[in-house]
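Visitor: Sequence and computational prediction follow.
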Amino acid sequence: NEQKGQKTPATVTVRDALNQAMDEELERDERVFLLGEEVAQYDGAYKVSRGLWKKYGDKRIIDTPISEMGFAGIAVGAAMAGLRPICEFMTFNFSMQAIDQVINSAAKTCYMSAGLQAVPIVFRGPNGASAGVAAQHSQCFAAWYAHCPGLKVVSPWNSEDAKGLLKSSIRDDNPVVFLENELLYGVPFEMSEEAQSKDFTIPIGKAKVERAGSHITLVSHSRYVGHCLDAAAVLAKEGIECEVINLRTIRPMDVESIEASVMKTNHLVTVEGGWPQFGVGAEICARIMEGSAFNYLDSPVTRVTGVDIPMPYAKILEDHSLPQIKDIIFSVKKTLNV
Amino acid sequence: FADFTPQATFDIKKCDLHRLEEGPPLKAELTRDQGLQYYRTMQTVRRMELKADQLYKQKIIRGFCHLYDGQEACAAGIEASINPTDHLITAYRAHGYTYTRGVSIKEILAELTGRKGGVAKGKGGSMHMYAPHFYGGNGIVGAQGQLFESFNMAALWKLPCIFICENNKYGMGTSVERASASIDYYKRGDFIPGIRVDGMDVLCVREATKFAADHCRSGKGPIVMELQTYRYHGHSMSDPGVSYRTREEIQEVRTKSDPISMLKERMLSNNMASVEEFKEIDVDIRKQVEEAAQFATSDPEPPLEDLCNHIFYNNPPLEVRGTNPWSKLKSVS
């Protein structure tokens, strides 16, 4: 898939898809640059920026000291001054060190300046649980960031999502929080010929129906889209057809796609890795209740979420802290009352 | 043992001083008992960390694992000069301090393997171990601004605080030269006095810590202590540690500056102990670490009933939502 003119679908890992997206955007627009810890000479803590420093050099790929508040501030300033930074947080847990810059300096500025000052910045990095990294390194920040007007919050699942959405995020003139997932970096997915092209983008704010179904709607984002598809395959054997929606964007949320699906299936289950209170699933429930699809529901919406605790380290506890495929299957059946 | 020298005096490296007229002494007295104790402490940490390396490669330890081998003189030297009731907190490279602050090898390894016998019942993992007067083990390090905020308040209110920088020359994969405008970390407290110490020499660390502790306890306010040290492993077990430094550099430190070898040679050349004695200690430590590893690999994982406990302290029991609305779990303090 690196050869020009290749027209066949290819298998690409999420890591390589993100790498390609940044490579293409760095080449396309000289104002784009990447900064963060270990992004340059180390090739990226998770190797997502592998090869970019070698290709683009010190001025475009910048290693920072371990100072999130400091370098996020520098990145926001650069965006205000006309550059298009990609600011990497080694994980979004570390973004809490810099959250004032993300919210108060980036998200709110266009509004506060009545449109005079844009902040075209992308904050990206791994979000949510990994494997055995314990409480301080496992939090999902989708709900926290999606709460704030002025931010766009994107959460890709597969390689096409990763590439198309990252390109769109970089081209967007607004601050985008781009939530990746460490466990997905090494996972290969098929990428269509179209997705391999340098102009391939996926619009922010539009969900995708990954699997059509008529009995129940499953809505998810990031890694749990895969879990939903796995659950759907098991349920299909029992005659239950699930429609699986991949949100792709958390904010602005594509509520219309969810509503259209619910009006068809009459049942809804949301699936996320984050905590339940004030979360993505909670927002979906509220929006469905407020809109036209409410009258089509045959049962209350069910939220499948992470357990409402800090992430434990021991494997058995960690496994029971996050939604498993069997939890999704169980919830579908309970919602359908079968 | 009557033939051994009971006490000797050793020359130690002079510390670089910042805003101080005098520094720690240039000589350190060492009794035979102290020497054997420091040796034992450092060798225990060394062997424990190497066992952790092994268990990690066997995938029995998961997640993040930041090893301390090479830096043993820091934890051992500091503990030799502070009281058990003094308060100590550190970042993620915490296993050494967890041991010197009183947690057993067994409880440390069992925490790394995520078992119920671990110091945090398996719920914390490598970076989150605690003990009385030891506040962890912390995973997130805001390395710059917050430090200067702390310096300011400590100096303003004359807080008895030793700010210790274990300078092992690298921040993850980035050398200090590429990350810091000034690498004289002992001077970074600006208005706070500082000392720069040979962190590979346990006697140097001990004397410097005693000096720093006396400074604080006498009401003079905070002090910065930079310990120049080295880690043999990479930043963590997922970092081979050789893409940003050479194997020659690592080997050179091992041969010329290893903290355990340095102490051993000093004691042997002053007839303070015998080669056989050190061997016996090594054998005993090896046995203890093996037993601890046995425990750590055979102890059961924490029970599922413990999943939601300890959200709050001293709180009535509460209900916790599981992964779905029909899953109602219980949390007690």
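Guide: It's in.

Visitor: ok, now which ones touch A:Ile316?
Guide: Neighbouring residues of A:Ile316 by CB atoms under 8 Å, 6 or more residues apart in numbering or on different chains: B:114, B:301-302, B:304. Using the backbone N, CA and C atoms, a C-beta is placed for each residue, glycine as well.

Visitor: Residue 227: what secondary structure?
Guide: I'll assume chain A. State at A:His227, reduced to three classes by DSSP: H, G, I helix; E, B strand; the rest coil: helix.

Visitor: Correction: the question concerned chain B.
Guide: Three-state call for B:Leu227 (three-state DSSP): strand.

Visitor: Poorly predicted segments of the stretch 101-250 of chain A, please.
Guide: For the stretch 101-250 of chain A, no stretch has pLDDT under 70.

Visitor: Strands of that one, start to end?
Guide: A:122-126, A:152-154, A:176-180, A:188-191, A:208-211, A:216-220, A:242-246, A:249-251 (DSSP state E, counting those that start in this stretch).

Visitor: now do the stretch 151-300 of chain B
Guide: Taking DSSP E, counting those that start in this stretch as the test, the strands found in the stretch 151-300 of chain B are B:162-167, B:170-171, B:174-175, B:194-198, B:223-228.

Visitor: got the ones you listed as TSV, with distance to chain A and mean neighbour count columns?
Guide: As requested, those are exported to TSV (distance: least, CB to the nearest CB, whole Å; neighbours: other CB atoms under 10 Å in any protein chain shown):
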stretch	distance to chain A	mean neighbour count
strand B:162-167	13	21
strand B:170-171	5	19
strand B:174-175	6	18
strand B:194-198	20	26
strand B:223-228	17	26
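
Visitor: Which residues of the stretch 101-250 of chain A lie near chain B?
Guide: Listed as neighbours of chain B in the stretch 101-250 of chain A under the rule CB under 8 Å from any CB of the partner chain: A:130-137.

Visitor: out of these, who has the most neighbours?
Guide: When neighbours are taken as other CB atoms under 10 Å in any protein chain shown, the top entry among these is A:Ala134 (26 neighbours).

Visitor: Could you list the residues of the stretch 201-333 of chain B in contact with chain A?
Guide: Applying CB under 8 Å from any CB, we find that the stretch 201-333 of chain B lies next to chain A at B:243-244, B:301-302, B:304, B:306-308, B:311, B:320-327, B:329, B:331.

Visitor: Which of those residues are buried? Put it as a PyMOL command.
Guide: Buried residues among those (16 or more other CB atoms under 10 Å in any protein chain shown), as a PyMOL selection:
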select buried, chain B and resi 244+301+302+306+307+308+320+321+322+323+324+325+329+331
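
Visitor: Mean neighbour count, the strands of the stretch 101-250 of chain A: which tops it?
Guide: Ranked by mean neighbour count, the strands of the stretch 101-250 of chain A are led by strand A:216-220 with a mean of 30 (mean count of other CB atoms under 10 Å in any protein chain shown).

Visitor: Tell me where the chain has helices.
Guide: Going with chain A. Using DSSP state H, the helices found in chain A span residues A:14-28, A:52-56, A:68-80, A:99-100, A:109-112, A:142-146, A:159-171, A:223-236, A:255-265, A:280-290, A:315-319, A:325-336.

Visitor: hm, I was asking about chain B
Guide: B:32-57, B:72-81, B:95-100, B:105-112, B:145-156, B:176-179, B:202-217, B:247-257, B:259-269, B:275-298.

Visitor: Dump those helices to TSV, plus mean neighbour count and mean pLDDT.
Guide: Listed next are these as TSV, based on neighbours: other CB atoms under 10 Å in any protein chain shown; pLDDT from 0 to 100:
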stretch	mean neighbour count	mean pLDDT
helix B:32-57	20	98
helix B:72-81	26	98
helix B:95-100	26	98
helix B:105-112	26	98
helix B:145-156	15	94
helix B:176-179	14	94
helix B:202-217	23	98
helix B:247-257	13	97
helix B:259-269	19	98
helix B:275-298	15	98
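
Visitor: hmm, back to that, mind putting the contacts of A:Ile316 in TSV, pLDDT included?
Guide: TSV is the format used below for those (pLDDT from 0 to 100):
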residue	pLDDT
B:Gly114	97
B:Glu301	98
B:Pro302	97
B:Leu304	97
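
Visitor: Among these, which pair sits farthest apart?
Guide: B:Gly114 and B:Leu304 (13.5 Å; CB to CB).

Visitor: shared neighbours, the two?
Guide: With CB under 8 Å, 6+ apart as the test, B:Gly114 and B:Leu304 both reach A:316-317.

Visitor: how about the residues of the stretch 1-150 of chain B near chain A?
Guide: Counting by CB under 8 Å from any CB, the stretch 1-150 of chain B sits next to chain A at B:62-64, B:111, B:114-116, B:118, B:120, B:122-128, B:138-145.

Visitor: center of chain A - which residue?
Guide: Central residue of chain A (CA atoms, centre = their mean): A:Ser155, 1.2 Å from the mean position.

Visitor: among the helices of chain A, which is nearest A:Val244?
Guide: When these are compared by CB to CB, helix A:223-236 sits nearest A:Val244, at 4.7 Å.

Visitor: residues making contact with the closest one?
Guide: Outside helix A:223-236, the residues touching it (CB under 8 Å, 6+ apart) are A:128, A:157-158, A:181, A:183-184, A:210-211, A:213, A:218, A:220, A:241-242, A:244, A:246, A:271-273, A:323-325, A:328-329, A:332.

Visitor: Mind giving me the PyMOL command for buried ones among the residues you listed?
Guide: In PyMOL, a selection of the buried entries from the contacts of helix A:223-236 looks like this (16+ other CB under 10 Å):
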select buried, chain A and resi 128+157+158+181+183+184+210+211+213+218+220+242+244+246+271+272+273+323+325+328+329+332
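
Visitor: Identify the residues contacting the closest residue to B:Gly139 other than its chain neighbours.
Guide: With sequence-adjacent residues excluded and distances taken as CB to CB, 6 or more residues apart in numbering or on different chains, B:Gly139 is closest to A:Gln136, at 3.8 Å. By CB under 8 Å, 6+ apart, the contact list for A:Gln136 reads A:93, B:127-128, B:138-140.

Visitor: List the buried residues for stretch A:38-47?
Guide: For stretch A:38-47, a neighbour-count test (16+ other CB under 10 Å) marks A:38-46 as buried.

Visitor: Out of the residues you listed, flag the one nearest to chain B.
Guide: Closest to chain B out of these is A:Tyr42 (4.0 Å), distances taken as CB to the nearest CB.

Visitor: separation between the closest one and B:Pro240?
Guide: For A:Tyr42, the distance to B:Pro240 (CB to CB, to the nearest Å) stands at 11 Å.

Visitor: what does A:Lys167 give?
Guide: Counting by CB to CB, the gap from A:Lys167 to B:Pro240 is 32 Å.

Visitor: Backbone torsions only: list them for B:Lys158.
Guide: Note on B:Lys158: its backbone torsions stand at phi 50, psi 50 [degrees, to the nearest 10].

Visitor: Just give me the neighbour total for the residue of the stretch 151-300 of chain A found nearest chain B.
Guide: Relative to chain B, the nearest point of the stretch 151-300 of chain A is A:Pro276 (5.1 Å; CB to the nearest CB). As a burial measure, A:Pro276 scores 23 neighbours (other CB under 10 Å).
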